[in-house]
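>>> below are the sequence and a predicted model for it; my questions follow.
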Amino acid sequence: MNTLCFLAPPYPTYINGRAHCFKKGKKHIKRVFTVFDLLVVKSGVIYMCENGVNYDVKEGQYIILAPGLEHFSYKPCDTDTHYYWLHFDIDVHYELKEVADINWGMIIKQEKTGIEAAKHVLHIPRYGTLINEKFIDSEITRLFSLDSSNKPEKRLKEQIIFQEILLQLQSDAIRIPTSAEQVTKHAIAFIQANYYKETIKMDNLSKELLLHPDYITRCMQKTLGVTPMHYLTSYRLTKAKNFLSNTNEKLDSISRQIGIQDSAYFTRVFKKNEGITPSDFRRLARREGK
């Protein structure tokens, strides 16, 4: 099966989803759908046919059925088969490309500037095995747990969780040289061990790994789709969100503990990346935890 390729942002829009079970002897209906249908099999096998090609989607595997292409079960399930279905749509142009036509390393289309957002070309195989099955399962469970609420923030959170699921599928799909993976692994380890130091810079990373900064940056962009400094910021904010959610520490204390001495600058960075201030994030986190 080919690969789904699209420019992001904007990201695909999650519509709805459910956990379901095909009892032994049951089949998926024949239809031509108007949106994408992501099926993730928990146990058993779904025998799907799309556009005349058969796919045996087994436990720990997934398939993304494309709109406009006829799909159905080409034979009944051999046993009770449990799976998740998630419907989503893409409002921008997308392509269904063959693997040989894809440059897996080049997912960054445009770096962000002061007035333009970064853009990425995501490549998600439409049929494959889940590399991080536990993560996907936990995120889908989180996604479905929001379904019963009609609060606007719940609908927005659904979109964020769904993006995480797609980004994990993208991460699982990237094809890069082993050397780049190793460089990225060492760079991440260094950043996570030193994120709290205000002085951590590309020069520090370069000296630690004994590699040129540009090469380290290329490796991390190929592997994760971000630069080392972008990863550092993201990791710092992850630590900050943990402090905000689980402690009563003041913002200036949290800021210093993640390597940012200026709490006002910390607030600006947090709002730029998360869309809300640290104080608002703390209030929302505590309200959600009740």
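Good, I have the coordinates. Residues are numbered from 1 along each chain as shown.

>>> helices along the chain, start to end?
All helices of the chain, identified by DSSP state H, fall at 133-145, 152-173, 178-194, 202-209, 213-224, 228-246, 251-257, 263-274, 278-289.

>>> tell me, which of the ones you listed is the model least confident about?
Comparing mean pLDDT across the helices of the chain, the weakest is helix 278-289, with a mean of 83.

>>> His93 against Leu4, yeah?
No. Using C-beta atoms under 8 Å as the test, His93 is too far from Leu4 to be in contact (11.9 Å). (C-beta placed from N, C-alpha, C; glycine too.)

>>> now do the contacts for Tyr14.
Listed by C-beta atoms under 8 Å, 6 or more residues apart in numbering, the contact partners of Tyr14 are 86-88, 143, 158-159, 161-162.

>>> widest-spaced pair of those?
Farthest pair in these (C-beta to C-beta) is His87 and Ile161. Separation: 14.6 Å.

>>> closest one to Arg18 among the helices of the chain?
Judging those by C-beta to C-beta, what sits closest to Arg18 is helix 133-145, at 7.2 Å.

>>> flag every buried residue along that closest one.
136, 139-140, 143-144 (16 or more other C-beta atoms under 10 Å).

>>> make TSV from the helices of the chain and add distance to Tyr127 to it.
Compiled in TSV, these are given as follows (distance: least, C-beta to C-beta, whole Å):
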stretch	distance to Tyr127
helix 133-145	15
helix 152-173	11
helix 178-194	24
helix 202-209	37
helix 213-224	23
helix 228-246	30
helix 251-257	44
helix 263-274	34
helix 278-289	35
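
>>> can you tell which of those is closest to Asn51?
helix 152-173 (20.6 Å).

>>> chain center to the closest one: distance?
Relative to the centre of its chain, helix 152-173 is centred 6 Å away, using C-alpha atoms, centre = their mean, to the nearest Å.

>>> what is that helix packed up against?
strand 13-22, strand 81-89, strand 119-125, strand 127-129, helix 133-145 (3 or more C-beta pairs under 8 Å, 6 or more residues apart in numbering; DSSP states H and E).
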